[in-house]
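Asker: any chance you could fold what I've pasted below:
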Amino acid sequence: MKTSKSDLKLSKRKVQLLMAEKCMNPYDLCSKACISYASYQRIMKMESTKIATG
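Answerer: Numbers count the residues shown, from 1 in each chain. The predicted model follows:
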């Protein structure tokens, strides 16, 4: 898979550890990040995302 400069790699484990440290669940994270739970699931499944601009 080719990545561009706007693609971000993510570690599921790091996300889960940070959520645990902050006592957050995925729904809390989605609310803070202003994304839908479906988007969260897609990002976690693909292990990458693009930077939003605007």
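Asker: number of nearby residues for Asp7?
Answerer: For Asp7, the neighbour count with other Cβ atoms under 10 Å is 12. No exception for glycine: its C-beta is placed from N, CA and C like everyone else's.
Asker: burial of the closest residue in space to it that isn't next to it in sequence, as a residue count?
Answerer: Nearest non-adjacent residue to Asp7, counting by Cβ to Cβ, 6 or more residues apart in numbering: Ser48, 5.4 Å away. Here the number of neighbours of Ser48 (other Cβ under 10 Å) works out to 11.
Asker: Ser48 contacts Arg42, correct?
Answerer: No: Ser48 is beyond contact range of Arg42, at 10.4 Å (criterion: Cβ atoms under 8 Å).
Asker: what residues are bridge-paired with the residue nearest to Asp7?
Answerer: For Ser48, the beta-bridge partners under DSSP bridges are Lys9.
Asker: from Ser11, how far out is it?
Answerer: Distance, Ser48 to Ser11, by Cβ to Cβ, to the nearest Å: 11 Å.
Asker: contact partners for the closest residue to Thr49 other than its chain neighbours?
Answerer: What sits nearest to Thr49 in space, not counting adjacent residues and going by Cβ to Cβ, 6+ apart, is Ile43, at 4.8 Å. Counting by Cβ atoms under 8 Å, 6 or more residues apart in numbering, Ile43 touches Leu10, Ile35, Thr49.
Asker: just checking, what packs against the helix or strand of the chain with the lowest mean pLDDT?
Answerer: Every helix and strand of the chain was ranked by mean pLDDT, DSSP states H and E. The lowest is strand 48-50, at a mean of 74. On a contact count with 3 or more Cβ pairs under 8 Å, 6 or more residues apart in numbering; DSSP states H and E, strand 48-50 meets strand 7-9.
Asker: just how off-centre is the strand it packs on within its chain?
Answerer: 10 Å (Cα atoms, centre = their mean, to the nearest Å).
Asker: can you check stretch 17-33 too?
Answerer: 10 Å.
Asker: C-alpha coordinates for it, CSV please?
Answerer: Coordinates of each C-alpha in stretch 17-33 appear next as CSV, following Å, rounded to 0.1, in the frame of the first residue of the first chain:
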residue,chain,number,x,y,z
LEU,A,17,-3.6,2.2,25.9
LEU,A,18,-4.2,6.0,25.8
MET,A,19,-7.9,5.5,26.0
ALA,A,20,-7.4,3.3,29.1
GLU,A,21,-5.1,5.9,30.7
LYS,A,22,-7.8,8.6,30.1
CYS,A,23,-10.6,6.3,31.3
MET,A,24,-12.3,6.6,27.9
ASN,A,25,-14.1,4.2,25.7
PRO,A,26,-14.4,4.4,21.9
TYR,A,27,-17.6,6.4,22.1
ASP,A,28,-15.9,9.0,24.3
LEU,A,29,-13.1,9.2,21.9
CYS,A,30,-15.5,9.6,18.9
SER,A,31,-17.3,12.4,20.8
LYS,A,32,-14.0,14.3,21.5
ALA,A,33,-12.8,13.8,18.0
